[in-house]
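**Q** Mind looking at a prediction? Sequence and model below.
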Amino acid sequence: MPINKKLPMYIAVQLEDGDAIGCRRRAWLPLPATQAQFSKTLDRIQLERGDIIIADYAKKVPGLSHHSLMATPLAVVNHLADRLTKLNCEQILTLCAVCDTGYYFDTVERLIDYTYTTDSYTLLPGVTDEEALGQYYIGKSGMVVANAKLKTCIDRREFGKKLAAMEDGLFTPHGYLTSKIGWNPTPNIERAVPEALNLTGCLGEDLYGNWEDESIV
């Protein structure tokens, strides 16, 4: 299935004055945000870093729950948003397929891990059942069956079923998916770790951090 334009994904955080009584000052900040953009947003609603809380999130990311966002430091969420911008269309579609399996991507950290291990997953778009998988592999192998009677002897569904079992593959609405690292892996990867700056809101959350890449929060 050809993909001509990038699939949309976004994360935005709503910051709020944690000390205000009555009408609270709030502002939305699209992520990923640079340190300058973060500070400018606080200045716009006249907030001090020690007085802010996260009021809400808006997001369109497969597998990412609102609960997971609210339970994660803002610096980590910002890093996820930055990593997601580096995915191409095929990698985003594969992410959608993995999330449809019900495995693995249930936290912000695991979504970040995916962005470092995209080459561990293979998606065959449009191949959504055993018969389609069998037909795909027959075509891929270059098998030419000239005899019509012999062609009917090939049970594509059974062939695809055995292939899926052998590869531990999964069928999703987006296509057939395989993984080199299994479906509940603990990836041994190197990724940036935030350094807390002890800037907390009234909920006691770490709202700001310094990543290895100085251009982001």
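**A** Yep, it's here.
**Q** shaky segments in this structure?
**A** 1-7, 18-23, 47-50, 104, 141-153, 184-217 (pLDDT under 70).
**Q** how about a cut-off of 50?
**A** Within the chain, the stretches with pLDDT under 50 are 1-4, 195-204, 210-217.
**Q** and it, what are its domains?
**A** 10-120+190-210, 129-172 (automatic domain parsing).
**Q** which one of these is the most hemmed in?
**A** domain 10-120+190-210 (a mean of 17; mean count of other C-beta atoms under 10 Å). For every residue, glycine as well, the C-beta is placed using N, CA and C.
**Q** hang on, the earlier thing: could the domains of the chain go into a markdown table alongside distance to Ser179?
**A** Output for these, formatted as a markdown table (distance: least, C-beta to C-beta, whole Å):
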| stretch | distance to Ser179 |
| --- | --- |
| domain 10-120+190-210 | 6 |
| domain 129-172 | 8 |
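**Q** Alpha carbons of the helix or strand encompassing Ala165, in PDB - could you do that?
**A** Assessed by DSSP states H and E, Ala165 sits inside helix 156-167. Presented in PDB, the C-alpha positions along helix 156-167 are these (Å, rounded to 0.1, in the frame of the first residue of the first chain):
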ATOM      1  CA  ARG A 156      -2.900 -20.800   0.500                       C
ATOM      2  CA  ARG A 157      -4.700 -20.600   3.800                       C
ATOM      3  CA  GLU A 158      -2.900 -23.600   5.300                       C
ATOM      4  CA  PHE A 159       0.400 -22.400   3.900                       C
ATOM      5  CA  GLY A 160      -0.100 -19.000   5.400                       C
ATOM      6  CA  LYS A 161      -1.200 -20.400   8.700                       C
ATOM      7  CA  LYS A 162       2.000 -22.500   9.000                       C
ATOM      8  CA  LEU A 163       4.200 -19.500   8.000                       C
ATOM      9  CA  ALA A 164       2.600 -17.300  10.600                       C
ATOM     10  CA  ALA A 165       3.100 -20.000  13.300                       C
ATOM     11  CA  MET A 166       6.700 -20.400  12.300                       C
ATOM     12  CA  GLU A 167       7.500 -16.700  12.300                       C
END
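**Q** roughly how far apart are the residue nearest the centre of the chain and Thr128?
**A** Geometric centre of the chain, nearest residue: Leu111, 4.5 Å, by C-alpha atoms, centre = their mean. To Thr128, Leu111 is 24 Å away according to C-beta to C-beta, to the nearest Å.
**Q** which residues touch Ser68?
**A** Asp106, Thr107, Val108 (C-beta atoms under 8 Å, 6 or more residues apart in numbering).
**Q** Same list (those residues) but as a markdown table, adding secondary structure.
**A** Output for the contacts of Ser68, formatted as a markdown table (DSSP: H, G, I helix; E, B strand; the rest coil):
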| residue | secondary structure |
| --- | --- |
| Asp106 | coil |
| Thr107 | coil |
| Val108 | helix |
